[in-house]
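In: got a predicted structure plus its sequence, pasted below:
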Amino acid sequence: MRGSNHNGMRQFNERTVLRAIRHNGAIPKADLARLTQLSTQTVSIIVNRLLDDGLLVKQERIRGKIGQPSVPLSLNPDGAYSIGLQVGRRNLEVVVCDFLGQVRHSWQHAYPYPSPSEVVPKIQEGLAHMQAQLGPAWARCVGIGLSAPLALHAWGDLMGAEASRVMAAWEDIDLVQLVQAMTPLPVEFAKDTTAACVAELVQGQGRDVTNFLYVFVGTFIGGGLVLDGHIVNGPRGNAGAIGSMPFAHGQGQHTRQLLELASGWQLEQALMNAGLDPLLVGQDEIMQSVHAPHTQPWLAVASQSLALGITSAAALLDLDAVVIDGSISPRLLQALIDHTHGELQRVRSDGIHLPRLVAGRVGGMARALGGALLPLHAQFFPDKDIFLKQDAGTLNP
């Protein structure tokens, strides 16, 4: 990412310097000027401003090299904070992450399904809890990143009649507006699996892979898409929605979607029908042999369906990798990856480059963490739209 030495580019250049430090670690001003292709004077002015704002800190002076000793600059973890708020189908998560994108505090509230009458006051409680945890540092919060499934009201049918009746109320609720009314902080929104994909792109496999389909296996399966190192949202914010992929099972039968075949929900139902706790899906205990009568049929159907979905996606997108993560047990997730890898070898893939399968690095908190990264991105990452708007203002006063 290069900066610009033209006038009117102050904010873009600041963000470019911050990104260079974020990607390269502690670095002296001279190296910053070389990496960003900004003049030494411009970098010096920006660095001094960022130091005054508390966003950068000086490291110990490096001695013993040719020339003057240099002072590396690094991001100040306490320079800014951001809140991630995830309204899920099974629980509410609130996290605080620092300027490095590391989670400092987390809070959760579980429920059988997201009832508005339960979720709304708990959102307020979670935000108040985080404000108390941060104390005076709350003043350095730059925003709230809210993530939730799109069309939350439409998911109730899959969770039973009672859930369907209660969740229908979400259709008349503007969740972003509701949260914004609770706080003076700006609120950013992303679909839950897109937010998880953001976390994986910034903090996980996205550091090494530039083109991948992201799959998140939770109560329901969903996904996101990264091409050329950028999140692809689509005009309706629904790109990478692998859970909606249709599957036909025999002539004359109704098609089913991947989320009906490869979600944690199906395994939860099998456990409940056997009189067991459905929350075992998120615990490594689920891989004990006593639970094999439930896990093995689920793994067989889920992996076969997921392999077909991945092959279809690869035929269209020519992917380098498929990153699979989730809120299910890490051992169960790895078993799903292993089974899916085996099923991919049995799918006809003439003319298709089959992507490699890799486990995600972020884990079950990906959706909340990705939400928390949204305000940090909006405030501090270079954005071509900011560049173009400011450039247009310079050219057309």
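Out: Yes, it's here.

In: so where is the chain shaky, pLDDT-wise?
Out: For the chain, the stretches with pLDDT under 70 are 1-9, 63-69, 156, 249-253, 382-397.

In: what's the longest helix in it?
Out: In terms of residue count, the longest helix belonging to the chain (DSSP state H) is helix 292-317.

In: elements contacting the helix or strand following it?
Out: Downstream of helix 292-317, the first helix or strand assigned by DSSP states H and E is strand 321-326. Strand 321-326 is packed against helix 192-203, strand 212-217, helix 292-317, helix 330-344, strand 356-359, with contacts defined by 3 or more CB pairs under 8 Å, 6 or more residues apart in numbering; DSSP states H and E. Every residue, glycine included, has its C-beta placed from N, CA and C.

In: using TSV, lay out these together with distance to Gly237 and mean neighbour count.
Out: Shown next, in TSV, are these (distance: least, CB to CB, whole Å; neighbours: other CB atoms under 10 Å):
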stretch	distance to Gly237	mean neighbour count
helix 192-203	7	28
strand 212-217	15	28
helix 292-317	18	19
helix 330-344	26	19
strand 356-359	25	16
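
In: just send the ones you listed back as TSV, with distance to Gly126 too.
Out: Below are these laid out as TSV (distance: least, CB to CB, whole Å):
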stretch	distance to Gly126
helix 192-203	16
strand 212-217	21
helix 292-317	32
helix 330-344	25
strand 356-359	29
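
In: so what are the domain limits for this structure?
Out: For the chain, automatic domain parsing gives the domain ranges 10-76, 81-195+367-379, 207-361.

In: for the nearest residue to Gly218 once chain neighbours are set aside, give its distance to Asp53.
Out: Among residues not flanking Gly218 along the chain, Ser327 sits closest, at 4.3 Å (CB to CB, 6 or more residues apart in numbering). Here Ser327 is placed at a distance of 36 Å from Asp53 (CB to CB, to the nearest Å).

In: repeat that for Arg22.
Out: 16 Å.

In: repeat for Gln37
Out: According to CB to CB, Gln37 and Asp53 sit 23 Å apart.

In: ok, now Leu354?
Out: Using CB to CB, we find Leu354 at a distance of 48 Å from Asp53.

In: just the CA coordinates of the host helix or strand of Arg34, formatted as PDB?
Out: Arg34 is located in helix 29-36, with elements delineated by DSSP H and E. Extracted in PDB, the C-alpha atoms of helix 29-36 (Å, rounded to 0.1, in the frame of the first residue of the first chain):
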ATOM      1  CA  LYS A  29      10.700   6.100  10.100                       C
ATOM      2  CA  ALA A  30      13.200   5.600   7.300                       C
ATOM      3  CA  ASP A  31      11.900   2.200   6.500                       C
ATOM      4  CA  LEU A  32       8.300   3.500   6.700                       C
ATOM      5  CA  ALA A  33       9.200   6.100   4.100                       C
ATOM      6  CA  ARG A  34      10.600   3.500   1.800                       C
ATOM      7  CA  LEU A  35       7.700   1.100   2.200                       C
ATOM      8  CA  THR A  36       5.000   3.700   1.700                       C
END
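
In: much appreciated, bye for now.
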